[in-house]
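A.B. asks: got a predicted model here, sequence first, then my questions.
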Amino acid sequence: MSDYALTLSDGEISRYQHMAASAQRAEADLWTAAGIVEGAAVVDVDVSGVRTRPVPEGLADLTGRYFDFQTARGNDLSVGLRLAELLGAAGLEVLEFRGRFDIIPVGPGFRPPAWAARDLMVEAGAATAADVERWGATLERLDQGDPPNVTTFVPQFSALGRRPA
């Protein structure tokens, strides 16, 4: 099996940088309380909760297959929902657990994380070359504004824990 590696476009890198900066602003008080210093970056996106409206034809299939593919590999794409549980299981006192959505207008060049994994999905039998071609056509239509006014909603969770006094 190939090693898993993402190849990101400049647009994807920009989008992730935007999401990290947004999380940093929204969670500044938690970061300070946790002792996270300037230059640190902590973001947890709950991929299982990402939604897009309106849903472009074919995008739901790509997203669903990606979720199934990652789950079959043992990855938990909904770990954000469990952050407080994980802190508790680690013996930490949960001081804060919160969530929010980043609301991101989809523009030309938008490619979800699932697109970067398409070759591995085919290699693993989670998709076919015909699926990839169909998904690519969907993304090309999105680049042309079809459907118009597409927005992606990305849930992000943060939790703060400390050792019991």
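C.D. replies: Good, I have the coordinates. Bear in mind the structure is a predicted one, so any value in this text is a computation, not a measurement.

A.B. asks: quick one: the strands in this structure?
C.D. replies: 51-53, 93-105, 151-162 (DSSP state E).

A.B. asks: now for the last one, which elements pack on it?
C.D. replies: Using 3 or more Cβ pairs under 8 Å, 6 or more residues apart in numbering; DSSP states H and E as the contact test, the elements touching strand 151-162 are helix 10-26, helix 28-34, strand 51-53, helix 83-89, strand 93-105. (C-beta placed from N, C-alpha, C; glycine too.)

A.B. asks: again, but for the shortest one
C.D. replies: The contact analysis (3+ Cβ pairs under 8 Å, 6+ apart) places strand 51-53 against strand 151-162.

A.B. asks: run the chain-centre distance for the strand it packs on.
C.D. replies: 10 Å (Cα atoms, centre = their mean, to the nearest Å).

A.B. asks: give the rounded mean pLDDT of that strand.
C.D. replies: Averaged across strand 151-162, pLDDT comes to 88.

A.B. asks: output the below-cut-off pLDDT ranges for this protein.
C.D. replies: 1-9, 11-12, 15-16, 31, 34-45 (pLDDT under 70).

A.B. asks: quick one: closest of the strands of the chain to Ala129.
C.D. replies: Nearest to Ala129, of all those, is strand 51-53, at 24.0 Å by Cβ to Cβ.

A.B. asks: note down every partner strand of that closest one and its orientation.
C.D. replies: Next to strand 51-53 in the sheet, as set by DSSP bridges, lie strand 151-162 (antiparallel).
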